[in-house]
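Student: quick one: sequence plus predicted model below, questions after.
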There are 2 protein chains.
Amino acid sequence: MEKLIKDGEELNRTLDRMAHEILEKHEIDNTLALVGIRTRGIYIARRLMEKIKKITGKDVLYGELDITLYRDDLSQVAEQPVLKATNIPFDITGKTIILTDDVLYTGRTIRSALAALSDFGRPSRIELAVIVDRGHRELPIKADYVGKNLPTAKTEIVHIKLKEYDGEDSITLLVKNND
Amino acid sequence: MEKLIKDGEELNRTLDRMAHEILEKHEIDNTLALVGIRTRGIYIARRLMEKIKKITGKDVLYGELDITLYRDDLSQVAEQPVLKATNIPFDITGKTIILTDDVLYTGRTIRSALAALSDFGRPSRIELAVIVDRGHRELPIKADYVGKNLPTAKTEIVHIKLKEYDGEDSITLLVKNND
């Protein structure tokens, strides 16, 4: 059973609110950067960047991190996230980085993103913005900006669809039937 | 000016409460481990271990991580925390690890502890217990068990003294004078 959590208009309003939350906490200057994680976090960073530009007229630095769960069957170390491709066209040292991702779940991707960023320099601060926090954290990680807290069972699946990648905007929760 | 936040008896009651919080969340069996960070986190882990033993009659696995801020003047990478010495006499894979430290501040030590642990294996979960959370986080890290939230100015200093290392138990806040 699929349950609609937010439609496209609601998701857009959520992103508007998150852009305003970022603006309440930060001056927009060349020390602030949005860095998107994996596929959908990248589009979320771009949308927040556009919204901030629309409100303030100012640009935010933008980068991309691609961290993918990697199953190493030889060494039995399962699901170690690995850094695949990055595009960070500025020096992160001294910057405030806002990492963006679609869903915050175990926290393992974020831990890997923090480790990866430390190879690029020393940001003065790293914050985290996610569209859905679905709980079940396995690491002591928390988000600074949350689109929606969505308490889920471990068997449930959260789907965030974005126009740029999925052709439509929506957040849905896939609940497995008991039969 | 030094302000007493908790005396020894209050600190002991706080640790009692934290031990009970851990017991509310976890079964005590050989999948649960306390891992102390740096000097004082080690004594905090040992005290929690003793309290859990007193309440349940059961032992918790125990380990030590020594992560120290290290200033590398050659490469200009200042204050990178580095792993100095560890003593983790069990396989952490599949375990629930409760990291303990005295003060949670920027979060950089915890980020390093998470990275260090991932070299030793794959815990199923890592939680964080600290005596004082003084705010000013520079990374999206949060503690699961907190002795006291103590909002501080960046110029203030929090001192946690423990009998085993400092000869007495106390939490004090050192406030700089304005003169």
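Tutor: Received it, and whenever you're ready, just let me know what you need.
Student: from now on I want contacts and neighbour counts done on CA atoms only, so please keep to that.
Tutor: Will do.
Student: report the helix or strand with the lowest average pLDDT across chain A.
Tutor: strand A:77-87 (a mean of 68; mean pLDDT, DSSP states H and E).
Student: can you name the next helix or strand after that strand?
Tutor: As assigned by DSSP states H and E, the chain's next helix or strand after strand A:77-87 is strand A:96-104.
Student: other SSEs contacting that following strand?
Tutor: Packing contacts for strand A:96-104, counted by 3 or more C-alpha pairs under 8 Å, 6 or more residues apart in numbering or on different chains; DSSP states H and E, involve strand A:32-37, helix A:38-56, strand A:125-133, strand A:157-161.
Student: can we see that at 6 Å?
Tutor: strand A:32-37, helix A:38-56, strand A:125-133 (3 or more C-alpha pairs under 6 Å, 6 or more residues apart in numbering or on different chains; DSSP states H and E).
Student: which helices and strands does the longest one pack with?
Tutor: This means helix A:38-56. Helix A:38-56 is packed against strand A:32-37, strand A:96-104, with contacts defined by 3+ C-alpha pairs under 6 Å, 6+ apart.
Student: what's the answer for the shortest one, then?
Tutor: Packing contacts for strand A:32-37, counted by 3+ C-alpha pairs under 6 Å, 6+ apart, involve helix A:38-56, strand A:61-72, strand A:96-104.
Student: next, count neighbours for A:Lys176.
Tutor: For A:Lys176, the count of nearby residues is 12 (other C-alpha atoms under 10 Å in any protein chain shown).
Student: for A:Lys84, that is, sorry about that
Tutor: Counted with other C-alpha under 10 Å, A:Lys84 comes out at 12.
Student: looking at the helices and strands packed on strand A:96-104, which is buried most?
Tutor: strand A:32-37 (a mean of 25; mean count of other C-alpha atoms under 10 Å in any protein chain shown).
Student: who touches it?
Tutor: Residues from elsewhere that reach strand A:32-37 (C-alpha atoms under 6 Å, 6 or more residues apart in numbering or on different chains): A:42, A:45, A:60-66, A:95-101.
Student: top of those by neighbour count?
Tutor: Using other C-alpha under 10 Å as the neighbour criterion, A:Thr100 leads the contacts of strand A:32-37 with 30 neighbours.
Student: pretty sure it contacts A:Ile131?
Tutor: No. Counting by C-alpha atoms under 6 Å, A:Thr100 does not reach A:Ile131; the two are 8.4 Å apart.
Student: so A:Ala19 lies in a helix, does it not?
Tutor: Yes. Applying DSSP: H, G, I helix; E, B strand; the rest coil, one finds A:Ala19 inside a helix.
Student: what's the pLDDT at it?
Tutor: With respect to pLDDT, A:Ala19 has a value of 98.
Student: residue contacts, it?
Tutor: Listed by C-alpha under 6 Å, 6+ apart, the contact set of A:Ala19 reads A:Leu48.
Student: that one and chain B, how far apart?
Tutor: Going from A:Ala19 to chain B by C-alpha to the nearest C-alpha, to the nearest Å gives 18 Å.
Student: how about the residue nearest to the spatial centre of chain A, nearest residue that isn't a chain neighbour?
Tutor: The residue lying closest to the centre of chain A (C-alpha atoms, centre = their mean) is A:Asp101, at 1.1 Å. Excluding the flanking residues, the one nearest A:Asp101 by C-alpha to C-alpha, 6 or more residues apart in numbering or on different chains is A:Gly41, at 3.9 Å.
Student: that neighbour and A:Leu99 touch, don't they?
Tutor: No. Under the contact definition of C-alpha under 6 Å, A:Gly41 does not touch A:Leu99, with a separation of 8.2 Å.
Student: coming back round to it: could you check the pLDDT of the residue nearest to the centre of chain A?
Tutor: So A:Asp101 comes in at 97 (pLDDT).
Student: just A:Gln76 next, same as before
Tutor: On the pLDDT scale, A:Gln76 is placed at 47.
Student: stretch A:2-10: which residues count as buried?
Tutor: Buried residues in stretch A:2-10, counting neighbours by 16 or more other C-alpha atoms under 10 Å in any protein chain shown, are found at A:Ile5, A:Lys6.
Student: start and end of it, how far apart?
Tutor: 17 Å (C-alpha to C-alpha, to the nearest Å).
Student: poorly predicted segments of chain A, please.
Tutor: For chain A, the stretches flagged by pLDDT under 70 are A:69-83, A:177-179.
Student: 80 instead?
Tutor: A:68-85, A:176-179 (pLDDT under 80).
Student: and it, which of its residues are near chain B?
Tutor: A:Arg125, A:Ile126, A:Glu127, A:Glu138, A:Leu139, A:Pro140, A:Ile141, A:Lys142 (C-alpha under 6 Å from any C-alpha of the partner chain).
Student: swap the cut-off to 10 Å and go again
Tutor: By C-alpha under 10 Å from any C-alpha of the partner chain, the residues of chain A that approach chain B are A:77-80, A:93, A:96-99, A:106, A:108, A:110-112, A:114-115, A:118, A:121-129, A:136-144.
Student: now for the residue nearest to the centre of chain A: which residues touch it?
Tutor: A:35-45, A:109-110, A:128-132 (C-alpha atoms under 10 Å, 6 or more residues apart in numbering or on different chains).
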